[in-house]
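S.K.: compute the structure for the input listed below.
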Amino acid sequence: METFLQYGKDVLNIRVPDHSTVIEPAHLEGLADEKNAVLAALQHPIGLPPLRSMVKPSDKVAIVISDITRPTPNHKLVPWLLEELNHVPPENFVIINGTGTHRDQTRLEFEHMLGKDVVDRIRIINHHCHRMDELVKVGRSSFGCDAYLNKEYTEADFKIVTGFIEPHFFAGFSGGPKGIMPGIAGIETILTFHNAKMIGDPLATWGQMERNPLQEMAEEINRMCKPDFMLNVTLNKDKEITQVFAGELFEAHRQGCDFVKEHAMIPVEKRFDVVITSNSGYPLDQNLYQAVKGMSAAHKIVREGGTIICASECSDGIPNHGNYAGILQMRKTPQEILELINDPTFSHFDQWQVQKQAVIQVWADVFVYSSLPDSLIEQAMLKPVRDIHATLEQLKKRYGERMTVAVLPLGPLTIPYIRGE
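M.R.: I've put the predicted structure just below:
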């Protein structure tokens, strides 16, 4: 049968066996009037008075946004926030791009993310986790590190965090507190948040909020310098806004996570021989580093010794910044990589993504369909594939003519799980 995978800014049409199982989240239509829905949420927020009434014209206001690797519709949310707060002069705002450990965005990228009008009127900065002069210590975490956050954020009179909520492969769900921790945290704090023990905790996984150590640490750091207001949304596969969650950080985020879990977490009865996944298309499938999320979604339902095929365009390469590619070169097998990362003396940023990838590769074979040269995929200890249908035909020799196949067209926007596990 014919089906598709979200791939880059388009879709990739594929042929799979007729008995394949296609797993997608319940489709939600985009809101009929996104702007009015957002403005209504700002005026009637969860657990707080109306946003406008909380902000004085003299306040210095910081708006934290997610970076270009996330599909948060900042080009809509930020102008609507500014409109609601039009009693505050433009020069009193600063927009902080929550890069975490990712690269800076360029002015052209900011225009794409926020619109030229916002870029022309409002000061925008990239967060730099390594620059101590741009950070402030806000406390000491019980997880064993000092807590550093962006200086301009901490010094603002009123703090707003934006984002979107989807299942997350080790934090349970994205959005909410994650916009601050790790979005605008210092490198010492980020490394603890992503250390081998935290990432390796069985409760650090998709859709898990209770007793998830990453959510617990994110909450703790947020309470040290809490955002005064949260604006998060949920999205469908067309990146349309399906619901708005605004107000007090923890309660509004909890309600958003409950909403997403109801629509995006799909139970299945048993594991599959082969799981074909996307990385939910652009912008999440910009590089191989991010593609680990699609692999992780497939890992939830592929059998031990099975095969994952991940389609991720990787228009931004491996990428060529960060430590992801370098760590993968430090050992020759995924098992050796895990042993390296689990050594308490080893600490490199980006190790968390390599750790998650290695866990998956120890469990199943992983093929990647992308725009990358085969040699780069192989350097990451992954297997390149240029024809998904031909690869499926070859896999029949291993699993038999009746091999079981699942397809996740939207990748990590759908999180399947085995019923009862």
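S.K.: CA only for contacts and neighbour counts going forward, please
M.R.: Fine.
S.K.: ok, W80 to A37 distance?
M.R.: 11 Å (C-alpha to C-alpha, to the nearest Å).
S.K.: host element of E83?
M.R.: Taking DSSP states H and E as the criterion, E83 maps to helix 74-84.
S.K.: please disregard the earlier target; I meant V119.
M.R.: Per DSSP H and E: helix 116-121 holds V119.
S.K.: what residues sit buried inside that helix?
M.R.: For helix 116-121, burial by neighbour count (16 or more other C-alpha atoms under 10 Å) applies to 118-119.
S.K.: need the residues that contact that helix.
M.R.: For helix 116-121, the external contacting residues (C-alpha atoms under 8 Å, 6 or more residues apart in numbering) are 79, 90-91, 107, 110-111.
S.K.: what about it, distance to the chain center?
M.R.: Put simply, helix 116-121 sits 26 Å off its chain's centre (C-alpha atoms, centre = their mean, to the nearest Å).
S.K.: so which elements touch the very next helix or strand once past that helix?
M.R.: Sequence-wise, the next helix or strand downstream of helix 116-121 (DSSP H and E) is strand 123-126. When contacts are defined as 3 or more C-alpha pairs under 8 Å, 6 or more residues apart in numbering; DSSP states H and E, strand 123-126 packs onto strand 93-98.
S.K.: so the strand it packs on versus helix 74-84, what angle?
M.R.: Strand 93-98 runs at 150 degrees relative to helix 74-84, counting by axes from the mean of the first three to the mean of the last three C-alpha atoms, to 10 degrees.
S.K.: between whichever helix or strand comes after strand 93-98 and strand 93-98, how big is the angle?
M.R.: On the C-terminal side of strand 93-98, the nearest following helix or strand under DSSP H and E is helix 107-114. Helix 107-114 and strand 93-98 are oriented at 100 degrees to each other (the same axes, to 10 degrees).
S.K.: quick one: contacts of helix 107-114?
M.R.: Helix 107-114 has contacts (C-alpha under 8 Å, 6+ apart) with 68, 73-76, 78-79, 116, 118-119.
S.K.: cool, and stretch 155-167?
M.R.: Stretch 155-167 has contacts (C-alpha under 8 Å, 6+ apart) with 55, 59-66, 71-72, 77, 153, 173-176, 179-180, 206-207, 226-235, 256-257, 260-261, 264, 412-415.
S.K.: got the CA coordinates for the longest strand seen in the chain in PDB?
M.R.: As assigned by DSSP state E, the longest strand anywhere in the chain is strand 302-311. What follows is strand 302-311, C-alpha atoms only, in PDB (Å, rounded to 0.1, in the frame of the first residue of the first chain):
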ATOM      1  CA  VAL A 302      10.300  -2.300  17.600                       C
ATOM      2  CA  ARG A 303      11.200  -5.700  18.800                       C
ATOM      3  CA  GLU A 304      14.700  -6.500  20.000                       C
ATOM      4  CA  GLY A 305      16.800  -7.400  17.000                       C
ATOM      5  CA  GLY A 306      14.300  -5.600  14.800                       C
ATOM      6  CA  THR A 307      14.900  -2.700  12.300                       C
ATOM      7  CA  ILE A 308      14.200   1.000  12.400                       C
ATOM      8  CA  ILE A 309      14.100   3.100   9.200                       C
ATOM      9  CA  CYS A 310      14.200   6.800   9.900                       C
ATOM     10  CA  ALA A 311      13.500   9.400   7.200                       C
END
